[in-house]
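# With the input below, show me the fold.
(one chain, ligands or ions: 3)
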Amino acid sequence: MKIKLQRYKDVEGANISKVVMVFEDTETTSCDGLKEILRCIKEEKHFSGKKNEIYTLTNVENNRVVKSILIGLGEYKHLSIDLIRNVSAKVMKEITAQKITNVAMYIDQFTSNTPELIKAMTEAILMSAYRFDKYKSEKVSEVLKEVTLVVNNEADINVLMDNVKEGHAVAEGNLLARELVNEPANILTPAELAERTVTVGKNCGFEVEIFDRKEIENLEMEAFISVGKGSANEPKLIVMRYMGNPEDKNNILGFVGKGLTFDAGGYCLKTAPTMWQMKTDMGGAGAVIGAMSSIAKMKIKKNVVAVVAACENLISGTAYRPGDIINTMNGKTIEILNTDAEGRLTLADAVTYIIRREGASKIIDIATLTGAVGGALGNVVTGVVSNNDELYSKLEAASKKCDEKVWRFPAFDEYKALLKGNNADLANITAPVGGGAITAGLFVGEFVEEKPWVHLDIAATAFSEGTPNKEYFTKGATGIGSRLLYELAKID
Ligand code: BES
Ligand code: MN
Ligand code: ZN
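Ligands and ions are numbered 1, 2, ... in the order given. A predicted model of the protein is given here:
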């Protein structure tokens, strides 16, 4: 789909369908031809401008059917970029349902914050068009070909095109993350995830290095190796490097994404009804790969390295067992009390790797780590554990830019005390006293070597089978994390 910008005066009189955003309580429509009609419609109570309300007017102009789709914004005082993102996505679905191929969206009435608005609308338009139907014989064909955002007559189109470009880069990162998460585990093996990352790196402009099983063993990443041992699909360590600020080469932001291409639970086997959803257990990996693609496309002037320890947690004669005591790249030993608490093991070694081998100075790890996070926060917000107020406040600022919500858990020493092992330095699960999302995060924190660190548990936000809580999401993967990490890299 193509997104264009045009000035109001240049689209006047064109016979193309329009989207007009209408407030409930303020008249701001600049479409001259619509002012009077809108007044009548409101007066006769056909349409009031309430948030998400839609009303279609059909006209015939020069033998062509031209529609004007009104979408309500609600009250002016509640206007925000997040609202515009949702409303834009909502109206895009309506336009698609009405089989409109070409539409002009009027945003010339919003005089303030236009660059942000254009970026947000571009994101919403592209994100709302996503479908995962590549394995269906009957695909939904793309009807909508072109959206023209109509800006005011004084706007500098060339400057604003940069915001369209950024919206594109950000949305495409999100959609890449969604696509990877939606892919089934028979297709998206660790090797396939690695190969796709290589392709993304080539297309977007970052370096990718892949380590195979032998090389991972040589790095002494025993925790990572242990988790993947039960699968015939060998593990891959995926390393992505983007050095956008070579003058400041000691300042490296490190992203670590959980990359379980499938998590059956191992010998502590999961139950059948929702086990299939564990194809999404590489949501963290999807997020970091998506974010790297956006960062590189936008040539952000920061150094960012990302690591994914990709493997599969299965059962076989070579799988790891409950009771096993394993080593880590860091040197701390771990007693395995539950083979289903595997994510933290792979993350532990990936974090050590990114610090010791890649020189990361700050760490963000992102993972579909615990069922407990959903119990605590539901699917609205991502749970966070951090050892650093400054980095967390930057994450909060990034979160406000993209409306991917975060909430920081407490991380008192009493929680850390629960991580102690009986027969090793650490145990991979804690006593059943609750707080599982916190202790899982703190387990990863045991490996950050005092670096500023933020842990994001996206187990409940990365994938949803129910009604999505954003208009630009569909059932299935949300791609959560990709936009958040992109915004964080920009801010930090
Ligand atoms: N991948 C799961 C967590 C998960 C659950 C992700 C639901 C997405 C949806 C993780 O590896 C896991 O199995 N966690 C266990 C930890 C427990 C054994 C301490 C859990 O949350 O039950
Ligand atoms: Mn598990
Ligand atoms: Zn898992």
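# tell me the SS of Gly441?
What DSSP: H, G, I helix; E, B strand; the rest coil gives for Gly441 is helix.
# count of neighbours near the nearest residue to it once chain neighbours are set aside?
Using C-beta to C-beta, 6 or more residues apart in numbering and skipping residues adjacent in sequence, the residue nearest Gly441 is Val385, 3.1 Å away. C-beta here means a position set from N, CA and C on the backbone, and glycine is covered the same way. The number of residues packed near Val385 is 26, by other C-beta atoms under 10 Å.
# Check the one 10 residues further on too.
Other residues lying near Leu395 total 26 when counted by other C-beta under 10 Å.
# In the helix or strand that contains it, which residues are buried?
Taking DSSP states H and E as the criterion, Leu395 maps to helix 389-402. For helix 389-402, the neighbour count (16 or more other C-beta atoms under 10 Å) marks Leu391, Tyr392, Lys394, Leu395, Glu396, Ala398, Ser399, Lys401, Cys402 as buried.
# Remind me what it packs against, helices and strands.
strand 382-386, strand 406-408, strand 453-457, helix 482-491 (3 or more C-beta pairs under 8 Å, 6 or more residues apart in numbering; DSSP states H and E).
# May I ask which helix or strand encompasses Ala309?
Here Ala309 is covered by strand 303-313, with elements defined by DSSP H and E.
# Let me know the angle separating that strand from helix 482-491.
Going by axes from the mean of the first three to the mean of the last three C-alpha atoms, to 10 degrees, strand 303-313 is angled at 150 degrees with respect to helix 482-491.
# Please state the offset of strand 303-313 from the chain centre?
From the chain centre to the centre of strand 303-313 is a distance of 16 Å (C-alpha atoms, centre = their mean, to the nearest Å).
# Spit out the contact partners of the closest residue to ligand 2 within the stretch 151-300 of the chain.
Nearest residue of the stretch 151-300 of the chain to ligand 2, counting by C-beta to the ion: Asp263, 4.4 Å away. When contacts are counted by C-beta atoms under 8 Å, 6 or more residues apart in numbering, Asp263 touches Lys270, Met278, Asp281, Glu312, Asn313, Asp340, Glu342, Gly343.
# now do Val200
Val200 makes contact with Leu176, Val208, Ile289, Met292, Ser293, according to C-beta under 8 Å, 6+ apart.
# Of all residues in this protein, which one is closest to ligand 3?
When scored by C-beta to the ion, the chain has Asp263 as its residue closest to ligand 3, at 3.6 Å.
# for that residue, which residues make a bridge with it?
On the basis of DSSP bridges, Asp263 is bridged to Asn313.
# neighbouring contacts of the worst-scoring helix or strand of the chain on mean pLDDT?
Of all helical and strand segments in the chain, the minimum by mean pLDDT, DSSP states H and E falls on helix 32-43, at a mean of 82. Helix 32-43 has contacts (C-beta under 8 Å, 6+ apart) with Lys18, Val20, Val22, Glu27, Thr29, Phe47, Ser48, Gly49, Tyr55, Leu57, Ser68, Leu70.
# how about these in JSON lines, adding secondary structure and neighbour count?
Formatted as JSON lines, these follow (DSSP: H, G, I helix; E, B strand; the rest coil; neighbours: other C-beta atoms under 10 Å):
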{"residue": "Lys18", "secondary structure": "strand", "neighbour count": "23"}
{"residue": "Val20", "secondary structure": "strand", "neighbour count": "23"}
{"residue": "Val22", "secondary structure": "strand", "neighbour count": "24"}
{"residue": "Glu27", "secondary structure": "coil", "neighbour count": "12"}
{"residue": "Thr29", "secondary structure": "coil", "neighbour count": "20"}
{"residue": "Phe47", "secondary structure": "coil", "neighbour count": "19"}
{"residue": "Ser48", "secondary structure": "coil", "neighbour count": "14"}
{"residue": "Gly49", "secondary structure": "coil", "neighbour count": "23"}
{"residue": "Tyr55", "secondary structure": "strand", "neighbour count": "18"}
{"residue": "Leu57", "secondary structure": "strand", "neighbour count": "18"}
{"residue": "Ser68", "secondary structure": "strand", "neighbour count": "20"}
{"residue": "Leu70", "secondary structure": "strand", "neighbour count": "24"}
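# Which one of those residues is nearest to Thr199?
Ranked by distance to Thr199 (C-beta to C-beta), the contacts of helix 32-43 are led by Lys18 at 38.8 Å.
# Let me see the ranges of the strands in the stretch 201-350 of the chain.
207-211, 236-243, 253-263, 303-313, 325-326, 334-335 (DSSP state E, counting those that start in this stretch).
# For those strands, give me a markdown table that also has mean pLDDT.
Shown next, in a markdown table, are the strands of the stretch 201-350 of the chain (pLDDT from 0 to 100):
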| stretch | mean pLDDT |
| --- | --- |
| strand 207-211 | 99 |
| strand 236-243 | 99 |
| strand 253-263 | 99 |
| strand 303-313 | 99 |
| strand 325-326 | 98 |
| strand 334-335 | 98 |
